[in-house]
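Novice: Just need the structure, nothing else, for what follows:
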Amino acid sequence: MEIIHVSAECYPVAKAGGLGDVVGALPKYQSQLGHFAKVVMPMYRTRFLLDNEWDVVHKGRTNLGDWWFDYTVIKEKTNKLGFDLYLVDVFGLLDREKIYGYPDDTERFTAFQICVVDWISAWGHQPDVIHVHDHHSALIPFMIKHCYKYQLLNQIPTVLTIHNAQYQGWMSWDKSYYLPPWDPWKWGALDWNNSINPLASGIRCAWKVSTVSWSYLEELKHSANGLEALFEYEKGKCSGILNGIDQSIWDPSTDHYIRERYNWNTEAEGRRKNKSVLCERFGLDPQKPLMVFIGRLVGEKGADLLPMAISDSFYYIGRKMCFLILGSGFPEIEGQLNALKRLSQHDYNVFIGYDETLSHQMYAGADFILMPSRVEPCGLNQMYAMRYGTIPVVRRTGGLKDTVVDIGVPEGYGILFNWASVGDVSHAIWRAMALYNDKKRLHAIREKMMGLDFSWESSVMQYLELYQIVK
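Specialist: Numbers count the residues shown, from 1 in each chain. Here you go, the predicted model:
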């Protein structure tokens with residue numbers, strides 16, 4: 001099959017979260033099975049763009065409402081990612097360094113989607129499946145079905161994968177003219193609560209919809225930022241497919257980002273050396289257990305709970321554990337986490353920002369990773385951590401509860417808690433401390449986790465089965 005993935009992110013080209021990791025891995029594994037997987041994304045001005053060679057494969061002209069513009073599609077020459085990578089450039093809209101966060105993001109991603117459909121319509125053939133990811137590309141199923149200009153494409157099956165339903169790409173109706181002329185009788189396929197909702201439109205118009213874990217699909221029927229009724233109504237075409245991780249990248253025996261490489265035979269010594277590197281850099285005591293948080297400092301990730309949970313742990317448990325935070329987000333949370341540094345007794349530090357090398361080193365050197373997420377559609381951090389022998393301490397939600405089994409049962413290998421509250425987080429930290437002191441059990445759990453299979457192979461087959469259904 002020829003499969004076209006359309007996304008705002010793709011690792012290592014441009015990544016802001018798990019979406020980038022998934023779109024950077026899924027097409028590669030599909031290609032390895034003999035399919036022709038391609039990724040189309042905006043041409044941000046990133047280091048990847050500058051460091052690689054490109055061919056211009058298409059030049060076109062289209063419009064965003066009254067504004068007519070030229071666009072260019074380029075292709076990476078060497079297939080270095082394991083699939084064909086295409087970038088779409090629109091001067092003045094997509095030629096930015098950052099992926100998101102601009103006041104004209106609505107115009108940027110709407111124009112991007114129009115260019116993608118316009119380009120595909122100019123092909124001499126049609127792909128077997130167009131697979132769109134999140135709201136940044138979720139208007140494509142509508143355009144293919146209901147825009148007059150693209151009626152020749154309306155038999156191409158479309159699949160929408162929802163990585164995070166909290167973000168839906170809302171647009172006011174006065175921007176409806178941005179879209180190529182469409183059948184006005186179909187306005188209901190765009191509307192949700194009196195605004196244009198690209199994610200809702202994608203759910204309605206795509207042939208199939210998937211979410212990135214089984215539990216997240218069920219949760220969306222009750223908590224979907226206003227789309228609960230729609231998920232219940234469309235449940236017949238929805239399925240949950242758990243993300244995998246790229247085990248060729250996330251492998252402690254080959255990872256070039258970490259100081260000391262190791263496998264399950266050399267886990268104890270390898271992790272000790274990596275922990276020492278972290279503790280030396282951040283002024284932490286390597287004799288104490290080390291718990292880390294890696295991610296966006298936002299309420300969705302439960303990051304607002306961290307300052308009080310860490311303070312409470314120091315007060316009630318004592319200064320028996322070290323904490324290290326890596327992330328950026330809400331300034332208020334960043335400020336509270338920075339303020340804790342002056343109270344550190346060689347047991348706390350924070351790095352505001354993102355550093356890929358540091359994140360790998362933390363997975364390899366930490367004893368525990370904390371994920372108190374309020375919303376976690378799948379979660380990749382816990383799978384990365386377990387691959388490196390770092391024990392997940394996670395809230396029982398979404399993909400976290402699909403991938404982590406609590407140590408309270410014989411086959412368990414992680415610590416789960418029920419509520420995104422300071423009390424539950426603090427109790428989970430206490431449980432982690434108790435586990436750390438049981439060295440024999442700790443080592444057995446680490447060995448078990450490192451042997452778990454979170455690879456893409458099973459998930460890829462489920463996606464291919466989904467494509468066969470829509471065909």
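
Novice: Could you give the number of residues near residue 440?
Specialist: Residue 440 has 7 neighbouring residues, counting by other C-beta atoms under 10 Å. C-beta: built from backbone N, CA, C; applies to glycine.

Novice: Ignore what I typed, I meant residue 122.
Specialist: If you count neighbours by other C-beta under 10 Å, residue 122 ends up with 10.

Novice: Report the contact partners of the residue nearest to residue 432 when sequence neighbours are not counted.
Specialist: Spatial nearest neighbour of residue 432, chain neighbours left out: residue 368 (4.9 Å); criterion: C-beta to C-beta, 6 or more residues apart in numbering. Residue 368 makes contact with 289-292, 390-393, 415, 432, 436, according to C-beta atoms under 8 Å, 6 or more residues apart in numbering.

Novice: Angles on the backbone of residue 368, please.
Specialist: Main-chain torsions, residue 368, degrees, to the nearest 10: phi -140, psi 150.

Novice: returning to that earlier point: could I get the contacts of residue 368 as JSON lines with pLDDT, secondary structure and neighbour count?
Specialist: Shown next, in JSON lines, are these (pLDDT from 0 to 100; DSSP: H, G, I helix; E, B strand; the rest coil; neighbours: other C-beta atoms under 10 Å):
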{"residue": "289", "pLDDT": "97", "secondary structure": "coil", "neighbour count": "21"}
{"residue": "290", "pLDDT": "98", "secondary structure": "strand", "neighbour count": "24"}
{"residue": "291", "pLDDT": "98", "secondary structure": "strand", "neighbour count": "25"}
{"residue": "292", "pLDDT": "98", "secondary structure": "strand", "neighbour count": "24"}
{"residue": "390", "pLDDT": "98", "secondary structure": "coil", "neighbour count": "27"}
{"residue": "391", "pLDDT": "98", "secondary structure": "strand", "neighbour count": "26"}
{"residue": "392", "pLDDT": "98", "secondary structure": "strand", "neighbour count": "24"}
{"residue": "393", "pLDDT": "98", "secondary structure": "strand", "neighbour count": "26"}
{"residue": "415", "pLDDT": "98", "secondary structure": "strand", "neighbour count": "23"}
{"residue": "432", "pLDDT": "97", "secondary structure": "helix", "neighbour count": "23"}
{"residue": "436", "pLDDT": "97", "secondary structure": "helix", "neighbour count": "19"}
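
Novice: For residue 102, state which of those is nearest.
Specialist: Nearest to residue 102 out of the contacts of residue 368 is residue 292 (C-beta to C-beta; 31.1 Å).

Novice: wait, that closest one sits on residue 364?
Specialist: No: using C-beta atoms under 8 Å, residue 292 is not in contact with residue 364; the gap is 10.7 Å.

Novice: Can you pull the residues that touch both of the two?
Specialist: residue 390.

Novice: ok so, going back, for residue 119, state which of the contacts of residue 368 is nearest.
Specialist: Closest approach between these and residue 119, by C-beta to C-beta: residue 392, at 41.6 Å.
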